[in-house]
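Asker: Following is a predicted model, sequence given first.
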Amino acid sequence: MAFTIIQGGMGVGVSGWPLARAVSQMGQLGVVSGTGLAVVFARRLALGDVGGHMRRALAQFPVRDMARRVLDRHFISGGKGRDEPFKFVEMPQINSSPALLELIVVANFAEVFLAKEGHNGLVGANYLEKTQLTTLPSLLGAMLAGVDYILMGAGIPRSIPGILDDLSAGRAVELRLDVDDARQEDHFACRLDPGALLGFAPALRRPKFLAIISSVVLAMTLARKSNGRVDGFIVEGATAGGHNAPPRGTLKLNPEGEPVYGERDEVDLAKLRELGLPFWLAGGCAEPQRLREALAAGAQGIQIGTAFAFCTESSITGDLKRSAVTLSRAGKAKVFTDPQASPTGFPFKVCQIDGTLSEAELYARRARICDIGHLRRPYRRADGSVGYRCPAEPGGQYVTKGGCEGETQGRKCLCNALFATIGLGQSLGNGESELPLVTAGDDVVRLSRLVKDDQEIYAAQDAVDYLLTSAAPERP
């Protein structure tokens, strides 16, 4: 593990293959985001596959007939019309259709293939434990492309190491699901047989597994009770972008309405070192001094998200990048840790940018709809079958499915908003599209330090150079 910097796996699609490839070529760990990747891939094809990158990756997929089916279902030569909506992609379920499974596998293969194309650097793929319904085919697709690392957080991914072992041997795998209202005797699980899906049982290299954690207790649980080998940890603090772990103990809010974190939420690095596994620190670490401190504390290095999220190679739209940099230069950049926005119930960092759903009026004006569904949670119906619900869907639907109306208050459709953030928002007709929502860590206030005076934007190389300007001290 020679790399010092891990580029954060920011979803949906922010950490696309161009960013991961660029960071990997610098000798650091480039990471693609696997969150919602099937829909990202389908929408790129629907826009005509500008540059031909998706089709170039499809040409290398080991099952030609599967690649051809995916292309036939989703590719539109010349791209769809501006006001024409993107084609609906089936929402994931416990037993997703063969067509959706194929799309997920191919999409993850393509993203990793393109990130690794033409160099020998290391590439990782980041997934969320919260999005269990797509995990198995996503891992298979990434491994078919030779992914080097799997990173996973937003939960307790204790079964993932063993799944990686089985997939590498071509064996069928099972992932037990978290299902709301399930009884003790229930057993709900997703299953995947690579041999049945691909037509052959592949022998694959097992990627290393890094768990994203926010406490020593979780690290100890994963290191000692996982069903396979854990290769290291990323220790993510509450200043990191995206989802944050909830504060320990009773939830308290500051005067601005944000969760209050305290000493109980700090990770005891001395105890973490006792596990004998490598770790990287994340959250507010994009400073040379923080890198030196991390190394002195026994870490291998740091994970950086926000500094890469707004660079040239990331997939956030150019206007949003420029807005963030402009706000940073003016000293007006602001991030709000919203305790309600995410349907997951986890605190979620929202960057305050005009014209996005961070504005209360724009959020209130949006019609509630759930048509992507990656943050839906399975729940047990009275008859023992499984249904799916999301607090960000229309409130009446959520209540009809047994959900509490109070859980819908303030919930934002992160799926649609985050697709809009990377320029893949759904068209609503009459020239309007879904509005974006930008997530970023507290480091967004310091973006301007990466930008030269005569420029509006910066490259991933600028961020890496800035972090490595001072020679790192020897590790103890």
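Answerer: Cool, got the structure.

Asker: how much space between the residue of the chain positioned farthest from its centre and residue 290?
Answerer: Within the chain, the residue lying farthest from the chain centre (C-alpha atoms, centre = their mean) is residue 383, at 33.7 Å. Distance, residue 383 to residue 290, by C-beta to C-beta, to the nearest Å: 53 Å. In short, each C-beta sits where N, CA and C put it, glycine included.

Asker: Could you do residue 129 as well?
Answerer: 27 Å.

Asker: Where does the prediction get shaky in this protein?
Answerer: Within the chain, the stretches with pLDDT under 70 are 1, 470-476.

Asker: For it, which residue occupies the most central location?
Answerer: The chain, centroid-nearest residue using C-alpha atoms, centre = their mean: residue 11 at 3.6 Å.

Asker: Okay, and that residue sits in which element?
Answerer: Assigned by DSSP states H and E, residue 11 falls within no helix or strand.

Asker: what do you get for residue 142?
Answerer: helix 135-144.

Asker: What's the first helix or strand after that helix?
Answerer: Next along from helix 135-144, by DSSP H and E: strand 149-153.

Asker: Next, the angle helix 135-144 makes with the next helix or strand after that next one.
Answerer: Note on strand 149-153: by DSSP H and E, the next helix or strand toward the C-terminus is helix 160-168. Relative orientation of helix 160-168 versus helix 135-144 (axes from the mean of the first three to the mean of the last three C-alpha atoms, to 10 degrees): 60 degrees.

Asker: buried residues in stretch 329-348?
Answerer: 333-344, 346-348 (16 or more other C-beta atoms under 10 Å).

Asker: Also stretch 188-205?
Answerer: Buried residues in stretch 188-205 (16+ other C-beta under 10 Å): 188, 190, 192, 194, 197, 198, 202, 204.

Asker: Looks to me like the second one is in a strand.
Answerer: Right, residue 190. Yes - judged by DSSP: H, G, I helix; E, B strand; the rest coil, residue 190 forms part of a strand.

Asker: Name the nearest residue to it, ignoring sequence neighbours.
Answerer: Excluding the flanking residues, the one nearest residue 190 by C-beta to C-beta, 6 or more residues apart in numbering is residue 175, at 4.9 Å.

Asker: and that neighbour, how many residues sit next to it?
Answerer: Per other C-beta atoms under 10 Å, the neighbour tally for residue 175 reads 20.

Asker: May I have the strands that pair with the helix or strand where it lies, each with its orientation?
Answerer: Applying DSSP H and E as the criterion places residue 175 in strand 173-176. Strand 173-176 pairs in its sheet with strand 189-192 (antiparallel), by DSSP bridges.

Asker: Mind listing residues that contact the strand it pairs with?
Answerer: 94-95, 101, 132-133, 135-137, 140, 172-177 (C-beta atoms under 8 Å, 6 or more residues apart in numbering).

Asker: contacting residues for the closest residue to residue 139 other than its chain neighbours?
Answerer: For residue 139, ignoring the flanking residues on the chain, the nearest one in space by C-beta to C-beta, 6+ apart is residue 167 at 6.1 Å. Contact analysis of residue 167 by C-beta under 8 Å, 6+ apart lists 139, 140, 143, 173, 194, 204, 206.

Asker: residues near the first one, how many?
Answerer: If I follow you right, that is residue 139. 28.

Asker: Would you mind confirming that it makes contact with residue 150?
Answerer: Yes - counting by C-beta atoms under 8 Å, residue 150 is a contact partner of residue 139 at 6.7 Å.

Asker: Identify the contacts common to the two.
Answerer: With C-beta under 8 Å, 6+ apart, residue 139 and residue 150 have common neighbours 127, 160, 164.

Asker: Who wins on neighbours among the residues you listed?
Answerer: Ranking the shared contacts of residue 139 and residue 150 using other C-beta under 10 Å puts residue 127 first, with 27 neighbours.

Asker: what are the bridge partners for it, then?
Answerer: With DSSP bridges as the rule, residue 127 is bridged to residue 152.

Asker: check contacts around it.
Answerer: 9, 34, 35, 135, 138, 139, 150, 151, 152.

Asker: from those, which is closest to residue 361?
Answerer: Ranked by distance to residue 361 (C-beta to C-beta), the contacts of residue 127 are led by residue 35 at 27.9 Å.

Asker: For the closest one, which non-adjacent residue is spatially closest?
Answerer: Counting by C-beta to C-beta, 6+ apart, the residue nearest residue 35 is residue 11, at 3.0 Å.

Asker: Quick check: the one you found touching residue 33?
Answerer: Yes - at 3.8 Å, residue 11 and residue 33 qualify as touching, with contact defined as C-beta under 8 Å.

Asker: show me what contacts residue 126?
Answerer: 8, 9, 10, 11, 15, 31, 32, 33, 34, 35, 151, 152 are the contacts of residue 126 under C-beta under 8 Å, 6+ apart.

Asker: scratch that, residue 413
Answerer: By C-beta under 8 Å, 6+ apart, the neighbours of residue 413 are 343, 366, 368, 369, 370, 372, 392.

Asker: From those residues, keep the buried residues only.
Answerer: Counted by 16+ other C-beta under 10 Å, these give 343, 368, 369, 370, 372, 392 as buried.

Asker: Of those, which belong to strands?
Answerer: Using DSSP state E to define strands, no part of these is located there.

Asker: Could you export those residues as a markdown table, including distance to residue 50?
Answerer: Compiled in a markdown table, the buried ones among the contacts of residue 413 are given as follows (distance: C-beta to C-beta, whole Å):
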| residue | distance to residue 50 |
| --- | --- |
| 343 | 31 |
| 368 | 31 |
| 369 | 27 |
| 370 | 28 |
| 372 | 22 |
| 392 | 30 |
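
Asker: Just the strands from the stretch 351-476 of the chain, written as ranges.
Answerer: Ranges of strands in the stretch 351-476 of the chain, per DSSP state E, counting those that start in this stretch, are 377-380, 386-389, 427-429, 432-433.

Asker: how about a markdown table for the ones you listed, with distance to residue 112 added?
Answerer: As requested, the strands of the stretch 351-476 of the chain are exported to a markdown table (distance: least, C-beta to C-beta, whole Å):
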| stretch | distance to residue 112 |
| --- | --- |
| strand 377-380 | 27 |
| strand 386-389 | 28 |
| strand 427-429 | 29 |
| strand 432-433 | 29 |
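
Asker: Out of those strands, flag the one nearest residue 21.
Answerer: strand 432-433 (27.9 Å).

Asker: Now do the SS call for residue 319.
Answerer: When classified by three-state DSSP, residue 319 comes out as helix.

Asker: what's the neighbour count on it?
Answerer: If you count neighbours by other C-beta under 10 Å, residue 319 ends up with 12.

Asker: now residue 131
Answerer: 20.

Asker: ditto for residue 182
Answerer: So residue 182, with other C-beta under 10 Å, has 16 neighbours.

Asker: ditto for the one 5 residues further on
Answerer: A total of 9 residues lie near residue 187 under the criterion other C-beta under 10 Å.

Asker: so who does the closest residue to residue 459 other than its chain neighbours touch?
Answerer: In this structure, residue 459 finds its nearest non-sequential neighbour in residue 312, 4.7 Å apart by C-beta to C-beta, 6+ apart. Residues counted as contacts of residue 312 (C-beta under 8 Å, 6+ apart) are 457, 458, 459, 460.

Asker: Any idea how far stretch 91-106 is from the middle of the chain?
Answerer: In terms of C-alpha atoms, centre = their mean, to the nearest Å, the centre of stretch 91-106 is found 18 Å from the chain centre.
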